[in-house]
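A.B. asks: Test case, fold it:
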Amino acid sequence: QVQLVESGGGLVQVGGSLRLSCAASGRTFGSYTMGWFRQAPGKEREFVATISWSGGRSYYADSVKGRFTISRDNAKKMVYLQMNSLKPEDTAVYYCAASDRVPTATTAEYDYWGQGTQVTVSS
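C.D. replies: Residues are numbered from 1 along each chain as shown. Just a heads-up that it's a prediction; the model follows:
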């Protein structure tokens, strides 16, 4: 079992930056692939980024590639999403998720989810 709690969301202007954090509990955190997803009003939840258990592999949605960076600290049981050059279309609730599979962009392959944190980018 893994419990996930996101934080760090807020209101930011276009071009600004935010760093989301995800705190995990559970003894096996270090063995999980971790991912970030987002859901905008009226839209389906979509993949943002994922990172392997060791942190050695990471993958991004095309829409955030070059702007967002996912990282993890297994000793602290934390996952981060550094978001730079934010755009209005990045506005969404951001979710942290854990999977016992190899890094994947598929929502259904994540077993544990946080409650989400709101990110609003204003123009």
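
A.B. asks: can we go C-alpha only for contacts and neighbour counts from here?
C.D. replies: OK.

A.B. asks: show me the residues around the closest residue to Arg57 other than its chain neighbours that make contact.
C.D. replies: Leaving out its chain neighbours, the residue that sits closest to Arg57 by C-alpha to C-alpha, 6 or more residues apart in numbering is Ile51, at 5.7 Å. By C-alpha atoms under 8 Å, 6 or more residues apart in numbering, Ile51 lies in contact with Thr33, Met34, Gly35, Arg57, Ser58, Tyr59, Ile70, Ser71, Arg72, Pro103.

A.B. asks: need those in JSON lines with neighbour count, can you?
C.D. replies: As requested, the contacts of Ile51 are exported to JSON lines (neighbours: other C-alpha atoms under 10 Å):
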{"residue": "Thr33", "neighbour count": "23"}
{"residue": "Met34", "neighbour count": "33"}
{"residue": "Gly35", "neighbour count": "31"}
{"residue": "Arg57", "neighbour count": "13"}
{"residue": "Ser58", "neighbour count": "19"}
{"residue": "Tyr59", "neighbour count": "18"}
{"residue": "Ile70", "neighbour count": "23"}
{"residue": "Ser71", "neighbour count": "22"}
{"residue": "Arg72", "neighbour count": "20"}
{"residue": "Pro103", "neighbour count": "22"}
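
A.B. asks: could those be laid out in a markdown table, adding distance to Gln1?
C.D. replies: Conversion of the contacts of Ile51 to a markdown table gives the following (distance: C-alpha to C-alpha, whole Å):
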| residue | distance to Gln1 |
| --- | --- |
| Thr33 | 14 |
| Met34 | 14 |
| Gly35 | 16 |
| Arg57 | 23 |
| Ser58 | 23 |
| Tyr59 | 24 |
| Ile70 | 22 |
| Ser71 | 21 |
| Arg72 | 18 |
| Pro103 | 18 |
